[in-house]
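Colleague: test case, fold it:
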Amino acid sequence: MTEVPGEALGVAELGAELGEKATLVQFSTAFCQPCRATRRTLTEVAAMVEGVGHVEIDAEERLDLVRALGIARTPTVLVLDRDGRIVRRATGQPRKADVIAALGHAV
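Modeller: Coordinates of the predicted model:
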């Protein structure tokens, strides 16, 4: 996962509350196979780590946000800190260990 300076997202952009400590934001599309596996991984990590939320966004329904964030493919995962600032970003299916390590930069 790569470091991303300072952009912040909130309830208005995500359509959901931020996690107490961090939020995993996943951009997906309906026919994306890696998106399904990514959903499972992020759901597991959010359940394991207290205060971490998981929000999945349909990229086709939120083209405005996709364009604003420069998302070119799915799945794309953003790790937000408690204030909604993007601290890490990755494309493709992440490994659970990488997600947990990226959360270390958010909390």
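Colleague: show me the shaky parts of this protein.
Modeller: Residue ranges of the chain with pLDDT under 70: 1-6.
Colleague: tell me which residue is most central in it.
Modeller: For the chain, the residue sitting closest to the mean C-alpha position, by CA atoms, centre = their mean, is Val25 at 2.1 Å.
Colleague: what about it, which helix or strand?
Modeller: Val25 belongs to strand 22-28 when assigned by DSSP states H and E.
Colleague: who touches the residue of the chain most remote from its centre in this structure?
Modeller: For the chain, the residue at maximal distance from the C-alpha centroid (CA atoms, centre = their mean) is Phe31, at 18.4 Å. By CB atoms under 8 Å, 6 or more residues apart in numbering, no residues touch Phe31. From N, CA and C alone the C-beta is placed, and that goes for glycine too.
Colleague: tell me the spacing between it and Asp58.
Modeller: Counting by CB to CB, to the nearest Å, the separation of Phe31 from Asp58 is 11 Å.
Colleague: count of residues packed around Leu9?
Modeller: Counted with other CB atoms under 10 Å, the neighbours of Leu9 add up to 21.
Colleague: run a quick neighbour tally on the nearest residue to Val66 once chain neighbours are set aside.
Modeller: Excluding the flanking residues, the one nearest Val66 by CB to CB, 6 or more residues apart in numbering is Ala59, at 5.1 Å. Per other CB under 10 Å, the neighbour tally for Ala59 reads 21.
Colleague: so where do the strands sit in this structure?
Modeller: Assigned by DSSP state E, the strands in the chain fall at 2-3, 22-28, 52-58, 76-81, 86-91.
Colleague: Asp98: which of these is closest?
Modeller: Across the strands of the chain, Asp98 has its closest neighbour in strand 86-91 (7.2 Å, CB to CB).
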